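K.L.:
Next come a sequence and a model predicted from it.
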Amino acid sequence: MAGIDNKVKTTNDLELKDRLVAINRVTKVTKGGRTFSFSAIVVVGNEDGIVGWGLGKAGEVTAAIAKGVEAAKKNLIKVPLLKGTIPHEQLAKFGGAQVLIKPASHGTGVKAGGAMRAVLESVGVTDVLAKSKGSSNPHNLVKATIEALSELRDPYTVAQIRGISLEKVFKG
C-alpha cells in the first residue's frame, strides 16, 4: 500500500505531495453484527524541508485517506536540510519505536524502510542512513521519525543559540 503519491495544493500555496503509509481495516462488533471501517496514516511534504503526518478514520478507504491528508496539513514542521541530507545524527523514540537517522554522503540514497522511508522522502532527504529499533508499528515509527526530524538543528541556529560566529561552531 505504501508508495501512493498525490499532489495537493494548500491554501498558502505550498505544493504538498501526500504518501499513504498504512491502511488498517478495523471492526466494531455490535448487536447487529460487525461494522467495518478504515484508518489511514498519511504523510504530506513538499520535498523541500516541510513535512507533516495525519490519521484519518472513515467508512471508506478514500474518505479515510482524505481525512488523513487534511489532518496532516494541520501539523506541518520545517526541517533543516544540508545538500540533500540531514545536518547531524539524531535518535528519537515514540512509544515502542526507536529511530536513528544519520547523514550520508551524496549518492547513498534513502536507506530506510517502510514508514520511515515515506517520511524522509516527503521531507526531501535524498541521502540518509536510517535504522528503526523496537516496534515496527507504522503509527509509532512515523511519529518517532517526525520527532527526530523536528529535533534537528542547522549550524546557523546553533551559532545563534550559543551567541558565537558560524566559524566557531565548526572549529570546536
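P.N.:
Cool, the structure landed. Numbering: from 1, shown residues only.
K.L.:
how far is stretch 28-48 from where the chain is centred?
P.N.:
Computed by CA atoms, centre = their mean, to the nearest Å, the separation of stretch 28-48 from the middle of its chain amounts to 18 Å.
K.L.:
What are the buried residues along that stretch?
P.N.:
37-46 (16 or more other CB atoms under 10 Å). To be clear about C-beta, it is placed using only N, CA and C from the backbone, and glycine gets the same treatment.
K.L.:
Mind naming the longest strand for this protein?
P.N.:
strand 15-30 (DSSP state E).
K.L.:
looking only at pLDDT, what's the mean for that one?
P.N.:
On average, the pLDDT along strand 15-30 is 92.
K.L.:
Please work out the average pLDDT along the following helix or strand past it.
P.N.:
For strand 15-30, the following helix or strand on the C-terminal side (DSSP states H and E) is strand 33-45. For strand 33-45, mean pLDDT rounds to 95.
K.L.:
ok, strand 33-45: who's next to it in the sheet?
P.N.:
Here strand 33-45 is paired, per DSSP bridges, with strand 15-30 (antiparallel), strand 50-58 (antiparallel).
K.L.:
Brilliant, that's me finished.
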